[in-house]
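Novice: Any chance you can model this:
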Amino acid sequence: MPKFSGSNTKTRPPSGPTATTGPAVTHEGGSGWEKDAKTALYTLGVANLVGEPTFYEAAGERDDRFRALVAQVTAEDPAWMQGFIPWLRASANMRTAPLVAALEYAHAGGPNARGVIASALQRADEPAEALGYWLARYGRKIPMAVKRGIADAAVRHYTERGALKYDGSSRGIRMGDVIELTHPHPATAQQSALFKHLLDRRHGHWDTTVENRALLDDLGLTMVAAAYRLDALPTEDRRGRLDRPDMLTAAGFTWERLSGWLPGGMDAQAWEAIIPSMGYMALLRNLRNFEQAKVNETVLRQVADKIADPEEVARSRQFPYRFLSAYINSGTTYFAPALEKALDLSMANIPVFPGRTLVLVDTSASMGAPVSQRSAVRAHDVGALFGVAVAATSKVDFVIYASGHAAINSLPVSVLRGTELVAHKIGSVGHGTETWPAALAHHNGQDRIVVFTDSQDHPSHAYQQLPDVPIYVWDLNGYGRTNTDLSTPGRYLFGGFTDAAFRLISLLEAGQDAGWPWEL
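Specialist: Okay, the predicted model is just below:
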């Protein structure tokens, strides 16, 4: 391993992409450093679920800061934004943050806004979300670049299946609104027919008569027609169709649609009929339901195999913490091995560290904030998940800390079980944040220090006494100030809910300078 700046080496430490601009104080009054605009936007973007409060920031305050950073960086370096936004969606696997960033980039006058917006919209419901965001924030005067970017995404993602899943009448902005206001040019005759149908349905010009369903078949919209035929069935005849799961698949049924369509709700037979056509995330969310309904074990095995399939895991682009969430919410033992394997696969970028590594996981009160209001997973769970994963591949001294600190000397081999063990110790070392005193207390020659924290330390003078080894700080909340002076050689800041940025650590460990993740 390369040795970083120290009195006994002449090796120049490699540089990382993130930077700080000068001293500041953390939210708890400790010594901190102000992130430069790109670092602040990057660390906020990879942790910003939009509209979600954190321990130190209200949702509106956080969203305003995000918009201001987008405007600032767009003015200073639009090329950087053109790399950041697509990466944020495709590799960091964020959904709403890149959508907002792309539209705010357009509002700030960034070049090629059409392409940037299209790159941020990767699902059939997102053109409508983008249009809804713009209308709510900036009104009905929509710049041409915004219209075309949204329209490009509509052409790419508007299919029969997408329309059946995402164009419910309860949505404020419908697919028909997107078509009417952005004027996408259909790619095929079938898509042209779909666009017309979505417009007719939006304006109440559609009746599900036998003649109209036949017309949809003639136009090539066979899935939509099949869905309308099933909707037209008398309630008492519907459960009999469960013997023909191919009919549900042909009609683009989701489990949500089936649950509302089927009298009596979901039982084992209903789940067994719809499971083969369910998406990966839908399976993760319903593990408890499958077990409680006593779904056939052969079908359960098929679900477990799909959850643990490497190609399915890669295609699903799930945050690693989603597997922890599925494990917590389901209380499952049956699916635990599959979730464990999927979790390991989702963190393939975590490097094997040579030598010894000191891992510190912040368990302070502020790290107890959930990652979203709908999640049982908290920031300290994400930190523990990554920290335990590092311990699973490398020789690690593992420490939890808050205002106090304690070593965990024997972690389970299982990443899920190790994370669960850490969760049981929350509160045992206090509630404040004293990162660097914990690092000093437990450093005894390790080759590097890896910290998972929100960086909002209480006052301490320990930072000035830190050993001359590489320190990697993983920022789990993206506040504007950090507890690490990035102008000091060998100090690095990363962030996010995926393992994507761990690729940069591999470069740094090899003695190479590391740019932003999308520049690799």
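Novice: dump the residue contacts of the closest residue to residue 90 other than its chain neighbours.
Specialist: Among residues not flanking residue 90 along the chain, residue 122 sits closest, at 7.2 Å (Cβ to Cβ, 6 or more residues apart in numbering). Every residue, glycine included, has its C-beta placed from N, CA and C. Applying Cβ atoms under 8 Å, 6 or more residues apart in numbering, one finds that residue 122 lies in contact with 89-90, 95, 153, 157.
Novice: And for residue 476?
Specialist: Counting by Cβ under 8 Å, 6+ apart, residue 476 makes contact with 47, 362, 367, 379, 382-383, 452-454, 495.
Novice: So which of these sit within strands?
Specialist: Residues of the contacts of residue 476 located in strands (DSSP state E): 362, 452-453, 495.
Novice: of all the residues you listed, which comes closest to residue 52?
Specialist: residue 495 (15.5 Å; Cβ to Cβ).
Novice: Output the below-cut-off pLDDT ranges for this structure.
Specialist: Residues of the chain that meet the criterion pLDDT under 70 lie in 1-11.
Novice: which of the residues in the helix or strand hosting residue 249 are buried?
Specialist: Using DSSP states H and E, residue 249 falls within helix 245-250. For helix 245-250, the neighbour count (16 or more other Cβ atoms under 10 Å) marks 245, 248, 250 as buried.
Novice: got the contact list for the first one?
Specialist: Neighbour list for residue 245: 272-274, 276-277 [criterion: Cβ under 8 Å, 6+ apart].
Novice: Give me the subset of those lying in helices.
Specialist: Among these, the members falling in helices (DSSP state H) are 272-274.
Novice: From the residues you listed, pick the one nearest residue 199.
Specialist: residue 274 (29.7 Å).
Novice: Check the burial of that closest one by counting its neighbours.
Specialist: 24 (other Cβ atoms under 10 Å).
Novice: Residue 471 contacts residue 451, correct?
Specialist: Yes. Contact status for residue 471 versus residue 451: in contact at 7.0 Å, counting by Cβ atoms under 8 Å.
Novice: Find residues that contact each of these two.
Specialist: Taking Cβ under 8 Å, 6+ apart as the criterion, residue 471 and residue 451 both touch residue 439.
Novice: just to revisit the earlier point, only whichever of the ones in strands among the contacts of residue 476 are buried, select them in ChimeraX.
Specialist: Only the buried members of those enter the following ChimeraX selection, criterion being 16+ other Cβ under 10 Å:
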select :362,452,453,495
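Novice: where's residue 443 relative to residue 469, distance?
Specialist: 8 Å (Cβ to Cβ, to the nearest Å).
Novice: joint contacts of the two?
Specialist: Contacts common to residue 443 and residue 469, judged by Cβ under 8 Å, 6+ apart, are residue 449.
Novice: Between these two, tell me which one has more neighbours.
Specialist: residue 469 (20 against 16).
Novice: pull the longest helix from this structure.
Specialist: Longest helix of the chain, by residue count under DSSP H: helix 59-76.
Novice: CA-only coordinates of that one in CSV, if you can.
Specialist: Output of helix 59-76 as CSV, limited to C-alpha atoms (Å, rounded to 0.1, in the frame of the first residue of the first chain):
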residue,chain,number,x,y,z
ALA,A,59,-37.1,19.4,4.2
GLY,A,60,-37.7,22.8,2.7
GLU,A,61,-34.4,24.2,3.9
ARG,A,62,-32.6,21.2,2.5
ASP,A,63,-34.3,21.4,-0.9
ASP,A,64,-33.6,25.1,-1.2
ARG,A,65,-29.9,24.5,-0.5
PHE,A,66,-29.9,21.8,-3.2
ARG,A,67,-31.5,24.2,-5.8
ALA,A,68,-29.1,27.0,-4.9
LEU,A,69,-26.1,24.7,-5.3
VAL,A,70,-27.4,23.5,-8.7
ALA,A,71,-27.7,27.1,-9.9
GLN,A,72,-24.2,28.0,-8.6
VAL,A,73,-22.4,25.1,-10.1
THR,A,74,-24.3,25.4,-13.4
ALA,A,75,-23.1,29.0,-13.7
GLU,A,76,-19.5,28.0,-12.7
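Novice: Only the buried residues of it, if you could.
Specialist: Residues of helix 59-76 classed as buried: 62-63, 65-67, 69-71, 73-74 (neighbour count, 16+ other Cβ under 10 Å).
Novice: Sort out which residues of the helix or strand following it are buried, please.
Specialist: Using DSSP H and E, the helix or strand that follows helix 59-76 towards the C-terminus is helix 78-90. Neighbour counts over helix 78-90 (16+ other Cβ under 10 Å) mark 78, 80-90 as buried.
Novice: Walking through the stretch 1-150 of the chain, point out its strands one by one.
Specialist: Along the stretch 1-150 of the chain, counting by DSSP state E, counting those that start in this stretch, strands occupy 20-25, 31-35.
Novice: May I have the strands that pair with the shortest one, each with its orientation?
Specialist: Within its sheet, strand 31-35 is paired with strand 20-25 (antiparallel), strand 481-482 (antiparallel), according to DSSP bridges.
Novice: Could you tell me how far the shortest one lies from the centre of the chain?
Specialist: Average the C-alpha atoms of strand 481-482, do the same for its chain, and the two points are 22 Å apart (Cα atoms, centre = their mean, to the nearest Å).
Novice: which strands and helices sit next to the helix or strand in which residue 229 is found?
Specialist: Applying DSSP H and E as the criterion places residue 229 in helix 222-232. Under the contact criterion of 3 or more Cβ pairs under 8 Å, 6 or more residues apart in numbering; DSSP states H and E, helix 222-232 touches helix 160-166, helix 210-218, helix 245-250.
Novice: circling back to that earlier point, can you lay out the buried residues of helix 245-250 as a markdown table showing distance to residue 284?
Specialist: Formatted as a markdown table, the buried residues of helix 245-250 follow (distance: Cβ to Cβ, whole Å):
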| residue | distance to residue 284 |
| --- | --- |
| 245 | 21 |
| 248 | 20 |
| 250 | 25 |
